[in-house]
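1. Please find the sequence and the predicted model below.
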Amino acid sequence: IIQLFKIGKELGLSKKEINRVFLFEDSRYRILFKILLIIISIFFGIIIIVLGIGAIEASRNTYAAGTFYSTVKIKDFDKKK
C-alpha cells in the first residue's frame, strides 16, 4: 500500500485523490465494492486460519520425541493381584 502511495505521489496525485481511489468514492457502486472487499477479506482470513490449523495438526507427532511407544493393552487392566 505504501508503494502505491509513492507511485501516486510520483504521478502528481494528492493524498486525498489517492485515498478516494482506494475507497472507491468515485464509483457508482461504492457501497457494493466496500461490502465485497469485506467479504473477500473475511473469506481469505478463514482460508488462512483453516490451512494454518491443518498444517499444525498434520505436523504433530503422536508420541513426543524420545519417548517409547505404549504397549499397554486392555487385558493388562483385567488382572488383579
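-> Happy to help now that I have it.
2. all contacts plus neighbour counts: C-alpha atoms, from now on.
-> OK.
3. Now the element after the top helix by length along the chain, going C-ward?
-> Ranked by residue count, the top helix of the chain under DSSP state H comes out as helix 30-59. Next helix or strand after helix 30-59 toward the C-terminus (DSSP states H and E): helix 75-78.
4. Rounded mean pLDDT for that next one, please.
-> For helix 75-78, the mean pLDDT works out to 71.
5. Check which helices and strands it is in contact with.
-> For helix 75-78, there is no helix or strand it packs on, judged by 3 or more Cα pairs under 8 Å, 6 or more residues apart in numbering; DSSP states H and E.
6. Which helix or which strand is home to residue 6?
-> Short version, using DSSP H and E: residue 6 is in helix 2-10.
7. can you give me the angle whichever helix or strand comes after that helix makes with helix 2-10?
-> The helix or strand immediately downstream of helix 2-10 is helix 15-22, counting by DSSP H and E. Calculated by axes from the mean of the first three to the mean of the last three Cα atoms, to 10 degrees, helix 15-22 forms an angle of 130 degrees with helix 2-10.
8. Roughly how far does residue 45 sit from residue 51?
-> Distance, residue 45 to residue 51, using Cα to Cα, to the nearest Å: 10 Å.
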